[in-house]
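1. Fold the following, please.
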Amino acid sequence: MSNVLNNILKQKLIEIQSQLPTYVKLVKDDSVDFNDVLTAEIDQSNSTDIGSPDAIGSVPKKVSYKGDFNEIIDYAAKKYNISSSIVKAVIKAESNFNPNVVSSAGAMGLMQLMPGTARSLGVDDAFDPVENIEGGVKYLKEMLEKFGGNLELALAAYNAGPGNVVKYGGIPPFDETQNYVKKIMGYIKNRTFE
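-> Take a look at the predicted model:
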């Protein structure tokens, strides 16, 4: 019975934490009192210079995490000169906007970053929406540049790896990748990610 209660409590804490604006990186360990984190978060959100480049985090203003990642997406999309519609479509296909999801292959977070890819992109916490989106959009931009701006090839590389796109001279003949590219292109065309 205590395991059931512990699991429920753990899930509720994850839900509460996912609702907090996590762009403020206060500490990196688990020894912090939850009330201290909340107090520091309130103090930070009342700061007049939160939008300055010197403010903690990478998002220029307070972001709501009630399932709405638009500000983070728009910020990263603008930074890397990618349409926010593309980013939203990738997130829809990858995680359906669930920042806590982990795939069977070990990909994590909103944009489903693999651990090695996340590290190479400077992502310390792949479950942090700001870090995950920043890393995922940066990687998507790298794939667009690698494949001459061809979105379908960049998406295929995002899904199956750039080596497979090069190896097959286009979208690899994997059902998963073929369907992935079609799905995202459909989301973009029909704007079904909103």
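2. And the helices in the chain, which stretches?
-> 2-19, 34-45, 70-80, 84-95, 115-120, 129-146, 151-160, 162-168, 175-190 (DSSP state H).
3. Those: which one's closest to S104?
-> Of all the helices of the chain, helix 175-190 sits nearest to S104, with 12.0 Å by CB to CB. Quick note: C-beta positions are derived from backbone N, CA and C, even for glycine.
4. Which residues does that closest one contact?
-> Applying CB atoms under 8 Å, 6 or more residues apart in numbering, the contact partners of helix 175-190 are 85-86, 88-90, 92-93, 151-152, 155-156, 159-160, 164, 171-172, 192-193.
5. what about this protein, any weak spots by pLDDT?
-> 1-67, 194 (pLDDT under 70).
6. will you turn the helices of the chain into TSV that also has mean neighbour count and distance to A107?
-> What follows is those, written out as TSV (neighbours: other CB atoms under 10 Å; distance: least, CB to CB, whole Å):
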stretch	mean neighbour count	distance to A107
helix 2-19	10	18
helix 34-45	12	27
helix 70-80	18	18
helix 84-95	22	8
helix 115-120	15	8
helix 129-146	22	10
helix 151-160	23	10
helix 162-168	15	16
helix 175-190	15	13
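7. V102: which of those helices is closest?
-> Of all the helices of the chain, helix 84-95 sits nearest to V102, with 9.6 Å by CB to CB.
8. For that closest one, name the packing helices and strands.
-> Applying 3 or more CB pairs under 8 Å, 6 or more residues apart in numbering; DSSP states H and E, we find helix 84-95 packed against helix 70-80, helix 129-146, helix 151-160, helix 175-190.
9. Any chance of TSV for those helices, columns distance to G106?
-> Shown next, in TSV, are these (distance: least, CB to CB, whole Å):
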stretch	distance to G106
helix 70-80	23
helix 129-146	14
helix 151-160	15
helix 175-190	16
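10. Which among those helices is found nearest to V123?
-> helix 129-146 (3.9 Å).
11. So which elements touch that closest one?
-> Counting contacts by 3+ CB pairs under 8 Å, 6+ apart, helix 129-146 packs against helix 70-80, helix 84-95, helix 115-120, helix 151-160.
12. how about stretch 121-129: buried residues?
-> Buried residues in stretch 121-129, counted by 16 or more other CB atoms under 10 Å: L121, V123, A126, F127, D128, P129.
13. what's the first-to-last distance across it?
-> Using CA to CA, to the nearest Å, the end-to-end distance of stretch 121-129 comes to 14 Å.
14. How about stretch 166-181?
-> Distance across stretch 166-181, first residue to last, is 16 Å (CA to CA).
15. and S103, what is it in contact with?
-> Counted by CB under 8 Å, 6+ apart, S103 has contacts Q112.
16. Check the gap between it and E176 for me.
-> Distance, S103 to E176, by CB to CB, to the nearest Å: 11 Å.
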